[in-house]
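Participant: Sharing a model prediction with you, sequence too.
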Amino acid sequence: MVVASVDNLADERSKAQFDVGAMKIVWAGSKHVFDVTDRMARIVASDPEFRKDNRTTLGRKELFKNTLRKMAHVVKRANELRLTEEEASKLRFFVDEPGYLDLHWGMFVPAIKGQGTEEQQEKWLPLASRMEIIGCYAQTELGHGSNVQGLETTATFDPKTDEFIIHSPSLTSYKWWPGGLGKVSTHVVVYARLVSGGQEHGIYGFIVQLRSLDDHTPLPGIIIGDIGTKFGSGAYNTMDNGFVCFNRVRIPRNHMLMRFCQVTREGNVCLSDVPKQMVYGTMVYVRQTIVSDASWALSRAVCIAVRYSAIRRQFGSQDRGIETQVLDYKTQQSRLFPLLASAYAFRFVGEWLKWLYADVTERLQANDFSTLPEAHACTAGLKSLTTSVTADAIEECRKLCGGHGYLCSSGLPELFAVYVPACTYEGDNVVLLLQVARFLVKTVSRLAAGKKPVGTTTYMGNAEHLMQCKSSASSPEDWLKPSVVLEAFEARAFRLAVACARDISKFSTPEAGFAELSIDLVEAAIAHCEVIVVSRFIEKVQQDIPGDGVKEQLQILCFIYALHLIHKHSGEFLSTGCITPEQATLANEQLRTLYGQVRPNAVSLVDAFNYTDHYLGSALGRYDGNVYATLYAQALRDPLNDTVVPDGYEEFIRPVLKQTMRLSRL
Ligand SMILES: CCCCCCCCCC/C=C\CCC/C=C/C(=O)SCCNC(=O)CCNC(=O)[C@H](O)C(C)(C)COP(=O)(O)OP(=O)(O)OC[C@H]1O[C@@H](n2cnc3c(N)ncnc32)[C@H](O)[C@@H]1OP(=O)(O)O
Ligand SMILES: Cc1cc2nc3c(=O)[nH]c(=O)nc-3n(C[C@H](O)[C@H](O)[C@H](O)COP(=O)(O)OP(=O)(O)OC[C@H]3O[C@@H](n4cnc5c(N)ncnc54)[C@H](O)[C@@H]3O)c2cc1C
């Protein structure tokens, strides 16, 4: 069936004022990454084994088995096609289904690489790379997740046998949540309290075999299973998040990951000369990958909502003529375009964070730990900011699609359900912001001692100016000056951080002040993270960017990103005196103008994400815009429509109808 709505997207595409092909390269990061990504996305989209449109109709067991089949197919195709690590990881990404491979490659392997000695890496990494063993990462327990120092599992050294005894002393010490643990993994990196010579020495990672490599049964002393069905249909239920209890399970001494702390044959504990937080390194690595992933999830939701908003028409014609595209409503634009801008902002800050992570890793290898606190603060803060915004944005995109957004065939409910735990895993977002706040308060108090802030806090070195400055914006256009925008963001963040540091000092102890003022501290942390994102976006658009009109579009998006935040947090910008109410009004005026500028380019700006229809998985977001026919076809495929008269009619509908007839005769 040919539907008029299809032409809407062609019309939209013809209005683009920039080179979409060039924007695709900017979004991907480079021509090479674009080529790899595009090729892998197409391989997945064209392989029927990777079909995913039936996911929300499957029961848990079928769903899980289906994922096992897909994961095995990923491994098979990666081998057959002799894919590089980069290609295999993209292939896996486009399969778009949480599965044990994520934890094996995303956490188990990095934990061994980061925390194992060279010898241990030589032993375990080849086994893991060839997938002769499958691993996961078990830190969280039933009773403790955020508080890592509160973990209860013990690893007690027994010098008689040269072994560690891994033990779960209570129900609350059972490991609980690790992905891939419940049903699949043969091995795990377990985090436990090291005990030697009757003394505790902190939390470390230990490699434990969980299941037989012959028949997959749990090894003696191990009670293991899945923790149960999770939020949403399909969604994260493809993953076997699991529990495990260790009943005095013995492992050889050299299964403790000993890069930062060694236990000798005699049971002596030798700490190397590195900060103890190095044990948390895998979390820093994964948080950094989660920031990059946020832009994928956000851009996917935005792509669906923008395309559908161009197709959907409501009102605007009283005589049954052509109605208005909902994308033309200013309210729709004000909800949608800041999310489009955020997708680009998170893409660029994600790339920058990758660079920061590579830089700190290089320094750590040279025993330079000076940038570790900043790397921790940046990864924790940006993980928190980007995942919170993305989760909320996916839900907003669902609403932007009206009633059809609530259908699973829109792709948005499942995307939300699968994405929203990102606000919790790898560190609860509030707990992580408090880590950023701690770093900021320290930075501010060191200013008084004359210590120059570096990296992302360099701006705080301009303390006197930031405390006193008043924005010079006197027209809407002034809000298009990077220096005006940056100054407002930096001043707000700095003043909030200084106020927190000052107020904390009024309490009897810093801990008491920190606890009482934690709401303010979280706000200061968000403000600082927004400085990072805004300044990275501004830096990006100041570079040479090839392609007709590409730089101009990115500049528009950059200012939308910044000005919508000024609007959202106007209370803070005003109460800290960084801007006046009149200047806030001017910023809003400029924002409205920018929405008008982005409007003709909106569909092309989401086309630049280069998503296949398979990856989008949405009747509303299809590239060809054939929304209504697809919605109808998918409705007909619903299991409830397998029969015209439903199962249960004889048992439950007919008797009710008969009873009603009897009653009406009375
Ligand atoms: C084919 C290829 C396929 C590829 C697939 C791609 C893979 C994608 C990856 C998969 C993604 C998602 C899947 C989900 C998996 C989820 C896994 C998990 O959730 S694992 C469990 C995560 N758990 C947490 O994050 C716990 C959070 N809690 C903590 O991190 C800590 O306990 C903390 C920081 C809250 C408190 O720590 P502690 O009690 O020690 O702290 P203090 O607050 O007193 O801090 C002391 C001191 O240390 C500093 N610090 C803390 N953390 C770090 C760190 N990580 N690095 C460096 N420094 C750190 C802190 O700032 C303090 O410093 P000080 O100078 O004293 O102020
Ligand atoms: C889908 C999913 C996959 C996961 N995969 C893994 C995995 O592979 N391996 C693994 O080890 N773990 C995994 N986890 C566990 C995850 O890391 C933890 O759930 C997470 O770290 C949060 O810890 P928690 O559950 O203890 O939350 P809690 O700390 O109990 O949080 C509950 C509430 O208390 C608040 N809170 C806690 N402490 C503070 C504080 N100090 N100040 C203010 N507020 C506070 C939080 O903000 C939150 O609102 C996974 C979790 C999920 C949901």
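Facilitator: It's in. Ligands and ions are numbered 1, 2, ... in the order given.

Participant: avg pLDDT for the helix or strand harbouring residue 533?
Facilitator: Using DSSP states H and E, residue 533 sits within helix 518-541. What helix 518-541 shows for mean pLDDT is 98.

Participant: List the buried residues in that helix.
Facilitator: 520-538, 540-541 (16 or more other CB atoms under 10 Å). C-beta here means a position set from N, CA and C on the backbone, and glycine is covered the same way.

Participant: Can you tell me the SS state at residue 545?
Facilitator: coil (DSSP: H, G, I helix; E, B strand; the rest coil).

Participant: do residue 191 as well
Facilitator: What three-state DSSP gives for residue 191 is strand.

Participant: and the host helix or strand of residue 225, how far from the chain's centre?
Facilitator: Using DSSP H and E, residue 225 maps to strand 222-226. Relative to its parent chain, strand 222-226 has a centroid offset of 28 Å by CA atoms, centre = their mean, to the nearest Å.

Participant: and what of stretch 606-614?
Facilitator: Counting by CA atoms, centre = their mean, stretch 606-614 comes out at 19 Å from the chain centroid.

Participant: if we can go back for a sec, quick one: the helix holding residue 533 near ligand 1?
Facilitator: No: Helix 518-541 lies out of reach of ligand 1 by CB under 6 Å from any ligand atom, never closer than 12.2 Å.

Participant: just checking, what packs against the strand holding residue 225?
Facilitator: When contacts are defined as 3 or more CB pairs under 8 Å, 6 or more residues apart in numbering; DSSP states H and E, strand 222-226 sits against strand 242-246.

Participant: Determine the next helix or strand in the C-terminal direction from the strand it packs on.
Facilitator: With DSSP H and E setting the assignment, the helix or strand that follows strand 242-246 is strand 249-252.

Participant: what is the mean pLDDT for the helix or strand just after that next one?
Facilitator: Once the chain leaves strand 249-252, the next helix or strand it forms, by DSSP H and E, is strand 261-263. Rounded to a whole number, the mean pLDDT of strand 261-263 is 96.

Participant: Would you mark the buried spots in the lengthiest helix in the chain?
Facilitator: Longest helix in the chain by number of residues, with DSSP state H as the criterion: helix 330-365. For helix 330-365, the neighbour count (16+ other CB under 10 Å) marks 332-350, 352-353, 356-357, 360, 364 as buried.

Participant: How about stretch 111-123?
Facilitator: 111, 112, 113, 114, 115, 116, 117, 120, 121.

Participant: what separates it from the chain centre, distance-wise?
Facilitator: 27 Å.

Participant: ok, and what's touching it?
Facilitator: Applying CB atoms under 8 Å, 6 or more residues apart in numbering, the contact partners of stretch 111-123 are 124-125, 128, 135, 137, 189, 204-205, 207, 254, 257-260, 278-279, 281-282, 285.

Participant: let's see it at 6 Å
Facilitator: Contacts with stretch 111-123, where a contact means CB atoms under 6 Å, 6 or more residues apart in numbering, come from 124, 137, 189, 205, 257, 258, 259, 281, 282.

Participant: And for stretch 95-108?
Facilitator: So stretch 95-108 is contacted by 44, 50, 67, 70-71, 74, 92, 134-137, 179-180, 184, 189, 236, 238-239, 282 (CB under 6 Å, 6+ apart).

Participant: How about stretch 407-422?
Facilitator: Contact with stretch 407-422 is made by 56, 231-232, 234-236, 297, 301, 387, 391, 394-395, 397-398, 401, 404-405, 617-620, 634, as judged by CB under 6 Å, 6+ apart.

Participant: So among these, which ones count as buried?
Facilitator: Buried among the contacts of stretch 407-422 by 16+ other CB under 10 Å: 56, 232, 234-236, 297, 301, 387, 391, 394-395, 397-398, 401, 404-405, 617-620.

Participant: what's the burial count for the closest residue to residue 475 other than its chain neighbours?
Facilitator: Distances taken as CB to CB, 6 or more residues apart in numbering place residue 586 nearest to residue 475, at 6.5 Å, with adjacent residues excluded. By other CB atoms under 10 Å, 21 other residues sit near residue 586.

Participant: Got the phi and psi for residue 586?
Facilitator: phi -60, psi -40 (degrees, to the nearest 10).

Participant: Quick check: it vs residue 521, distance?
Facilitator: Applying CB to CB, to the nearest Å, the value for residue 586 to residue 521 is 31 Å.

Participant: Would you pull up the residue in the stretch 1-150 of the chain closest to ligand 1?
Facilitator: In the stretch 1-150 of the chain, the residue that lies nearest ligand 1 is residue 106 (2.6 Å; CB to the nearest ligand atom).

Participant: ok so, going back, in this structure the residue nearest to residue 475 contacts residue 476, no?
Facilitator: Yes: Residue 586 lies in contact with residue 476 (CB atoms under 6 Å); the separation is 5.0 Å.

Participant: can you tell me which residues contact residue 70?
Facilitator: Shown in contact with residue 70 (CB under 6 Å, 6+ apart): residue 95.

Participant: Quick check: it is in a helix.
Facilitator: Yes: judged by three-state DSSP, residue 70 forms part of a helix.

Participant: Could I get the pLDDT score of it?
Facilitator: The model's pLDDT for residue 70 equals 97.

Participant: how big is the angle separating whichever strand or helix holds residue 398 from helix 518-541?
Facilitator: Per DSSP H and E: residue 398 is located in helix 372-400. Angle, helix 372-400 to helix 518-541, by axes from the mean of the first three to the mean of the last three CA atoms, to 10 degrees: 90 degrees.
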